[in-house]
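Engineer: No letters, just coordinates:
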Ligand SMILES: [Zn+2]
């Protein structure tokens, strides 16, 4: 009888449930723990709690965490009760959620593994089919989404990320304070963003303090249209802005390099692309001497580079007025540069200066969005792509949504702490 007591304790079974039998099959490497209910304890309706008569029993099995490397299955005849108000109901068991084929602890283990490895790998590890493991993940996401309460988010981020092929995008909305993904939208159109903003309550809309984004008109216009005083809340992300300056430098370099080669001589710009694009403060000293000489040479690329470097220094103001003065000085320099790509960038920056100033005075960047973005691309690679956007969205929310995914009553893996 000692083995029954042992399993009683391992399973954490409480009265009126107790282990009544253990069937060991070494050939199948399986142990079946038969659990039964004390018939003397009266039954109640799981909906209303009224005491009811037994209607019948249904034999059910649940896969549990392995014990001693044996696949472990719980088997029980689960009573069904007949409530005069709610009809026939199966009573709840403490070790599994209603309707589940796995115990809560087993599902919790699979969910924990799914945080680290793809579905196929977890399926092989626990000896289940891909569909079963996928089912556990999908239930976890539904559970997490159902538990999520509407919350006020003060600092948002919105960014696009690629879905499957090039030029197919989804939009990812993040809570920059909690560092989680709030929602994934199926494209990057204004109407889609508006539809999401409309799911927010008036209070949630009003409480948004900043939203960090790229200079993407659809995002800008959606927030301007729906969010009060959005022209003071939209913040253009510093790293996106830097990429516009980088592109301008590169365009100037390409044209100048071609012109130098066309005029016969060897271009001193050969193999210098990345030097110009690098953040000069991070350029290592070995390459720095010759590169700094190059920056002082009479080159169009060097002038464009100096402008890019200056732009990188204009992000630490606390006063809007001083920031605006500095940026306007830079824009004047850019417009007089006689470098077409720089002048083009100046026009873009001028038109969006308001959002750059918002970003500076609120010290907002979408760096968290960028790091979540990198993790989204890893999730995509791990799954070898997704059948459709809906599944991609759910996978992102599973990994990055900050959701409470675990079945109720299961606290794997932290429950091992004594
Ligand atoms: Zn009832």
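Structural biologist: Sure thing, it's come through. Keep in mind that this is a model prediction, so the values were computed, not measured. Residues are numbered from 1 along each chain as shown.

Engineer: What are the neighbouring residues in contact with the residue of the stretch 201-350 of the chain found nearest the ion?
Structural biologist: The stretch 201-350 of the chain approaches the ion most closely through residue 201 (34.6 Å), counting by CB to the ion. Backbone N, C-alpha and C define where each C-beta goes, glycine included. Counting by CB atoms under 8 Å, 6 or more residues apart in numbering, residue 201 makes contact with residue 150.

Engineer: where along the chain do the strands fall?
Structural biologist: Using DSSP state E, the strands of the chain run over 17-25, 30-37, 43-44, 51-67, 70-83, 87-90, 155-162, 169-175, 180-185, 210-213, 234-236.

Engineer: Out of those, the one nearest the ion is which?
Structural biologist: Minimum separation from the ion across the strands of the chain (CB to the ion) falls at strand 70-83, 3.3 Å.

Engineer: hmm, that closest one in reach of the ion?
Structural biologist: Yes - taking CB under 5 Å from the ion as the criterion, strand 70-83 and the ion are in contact, through residue 83.

Engineer: what's that strand packed up against?
Structural biologist: strand 30-37, strand 43-44, strand 51-67, strand 87-90 (3 or more CB pairs under 8 Å, 6 or more residues apart in numbering; DSSP states H and E).

Engineer: For that strand, list every residue counted as buried.
Structural biologist: Using 16 or more other CB atoms under 10 Å as the test for burial, strand 70-83 gives 71, 72, 73, 74, 75, 76, 78, 79, 81, 83.

Engineer: that older thread, in TSV: the helices and strands packed on strand 70-83, plus mean neighbour count and distance to residue 400.
Structural biologist: Shown next, in TSV, are the helices and strands packed on strand 70-83 (neighbours: other CB atoms under 10 Å; distance: least, CB to CB, whole Å):
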stretch	mean neighbour count	distance to residue 400
strand 30-37	19	37
strand 43-44	18	41
strand 51-67	15	27
strand 87-90	15	36
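
Engineer: Counting by contacts, list what the helix or strand bottoming out on mean pLDDT in the chain packs against.
Structural biologist: The weakest-scoring helix or strand in the chain, judged by mean pLDDT, DSSP states H and E, is helix 285-296 (a mean of 73). Packing partners of helix 285-296 (3+ CB pairs under 8 Å, 6+ apart): helix 273-277, helix 300-312.

Engineer: For residue 276, which of the helices and strands packed on strand 70-83 is the nearest?
Structural biologist: strand 51-67 (57.1 Å; CB to CB).

Engineer: tell me the angle that closest one makes with strand 70-83.
Structural biologist: Per axes from the mean of the first three to the mean of the last three CA atoms, to 10 degrees, the angle that strand 51-67 makes with strand 70-83 is 170 degrees.

Engineer: The ion contacts on the stretch 51-200 of the chain?
Structural biologist: With CB under 5 Å from the ion as the criterion, the stretch 51-200 of the chain meets the ion at residues 83, 85, 86.

Engineer: Identify each buried residue in stretch 346-366, please.
Structural biologist: For stretch 346-366, burial by neighbour count (16+ other CB under 10 Å) applies to 346, 349, 352-353, 355-361, 364-366.

Engineer: how near is residue 63 to residue 118?
Structural biologist: As judged by CB to CB, to the nearest Å, residue 63 and residue 118 stand 20 Å apart.

Engineer: Export the helices and strands packed on strand 70-83 as CSV, with columns for mean pLDDT and distance to residue 15.
Structural biologist: Output for these, formatted as CSV (pLDDT from 0 to 100; distance: least, CB to CB, whole Å):
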stretch, mean pLDDT, distance to residue 15
strand 30-37, 93, 9
strand 43-44, 89, 14
strand 51-67, 91, 17
strand 87-90, 91, 19
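
Engineer: okay if I get those strands as CSV plus distance to residue 102?
Structural biologist: Below are the helices and strands packed on strand 70-83 laid out as CSV (distance: least, CB to CB, whole Å):
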stretch, distance to residue 102
strand 30-37, 14
strand 43-44, 24
strand 51-67, 5
strand 87-90, 17
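
Engineer: quick one: low-confidence parts of the stretch 101-250 of the chain?
Structural biologist: By pLDDT under 70, the low-scoring segments of the stretch 101-250 of the chain are 165-166.

Engineer: Now it against the ion: closest residue?
Structural biologist: The stretch 101-250 of the chain approaches the ion most closely through residue 146 (22.7 Å), counting by CB to the ion.

Engineer: contacting residues for that residue?
Structural biologist: Residues near residue 146 by CB under 8 Å, 6+ apart: none.

Engineer: Thank you, goodbye.
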